[in-house]
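> sharing a model that was predicted from the sequence below.
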Amino acid sequence: MTRIRIRLDEIRQLERVYHTAIPHTYLDENQHVNVQYYLHLVERGLGEVFRRVGLGERYAAADEIGNFALEQHIRYLAELLNKDQVSVYIRLLELSPKRAYFIGLLVNDTRGELAATVEVVMMNVDIKLRRGKPFPSAAKARLDALLARHNRLRWAAPVCGVMRA
């Protein structure tokens, strides 16, 4: 596994989309955050990104359309402990008519370190048909604009190298 070489000041060029303190209920028997909550935290950040581009809960309820995760890859880099302050930053990496590929960067603000990366390929889906459906034009335009902003960043996202939108 290659070492991730990304600085916090680079990550913070992205907008912070979620922030919280780690509650005791997230801890496992080893007294650090259970693996499921790393994904949960990044999903909270993705939910905010979806809401901002018009693909959140209101969109899903109104049009019976939703977002399905197709693939995920988590890299655990540092422990998260009770009461640690954490922030989530999301970068859009690729976009197709129906799919989007994001990386979530989970930063432990208490310790000043990158705790995990979570890569997600998601697809816009017609809930009734259970099939992929192109993003609505307004949301696609917002996603295109987000991708253009993220493509201007001068640092490479620390991806696993096997996922695509």
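Done, it's in.

> CA atoms for contacts and neighbours, from now on please.
Noted.

> next, the contact list for Asn106, please.
Not quite, residue 106 is Leu, not Asn. Residues in contact with Leu106 (CA atoms under 8 Å, 6 or more residues apart in numbering) are Tyr38, Leu41, Val42, Val86, Ser87, Val88, Tyr89, Leu114, Ala115, Ala116, Thr117, Val118.

> which of those residues fall within helices?
Tyr38, Leu41, Val42 (DSSP state H).

> per-residue confidence for the residue nearest to the spatial centre of the chain?
The centre of the chain sits closest to Gly104, judged by CA atoms, centre = their mean, with a distance of 3.5 Å. Here the pLDDT value assigned to Gly104 is 98.

> spatially nearest residue to it (excluding sequence neighbours)?
Ile90 (4.5 Å; CA to CA, 6 or more residues apart in numbering).

> helices along this protein, start to end?
So, for the chain - with DSSP H - the helices run 8-11, 35-53, 57-63, 137-151.

> kindly check the end-to-end length of stretch 149-156 for me.
End-to-end distance of stretch 149-156: 14 Å, with CA to CA, to the nearest Å as the criterion.

> likewise stretch 143-162?
22 Å.

> so how far is the strand ranked longest in the chain from its chain's centroid?
Criterion DSSP state E: the longest strand present in the chain is strand 113-126. Taking CA atoms, centre = their mean, to the nearest Å, the mean C-alpha location of strand 113-126 is offset from the chain mean by 4 Å.

> which helices and strands does that strand pack with?
helix 35-53, strand 65-76, strand 99-108, strand 131-132 (3 or more CA pairs under 8 Å, 6 or more residues apart in numbering; DSSP states H and E).
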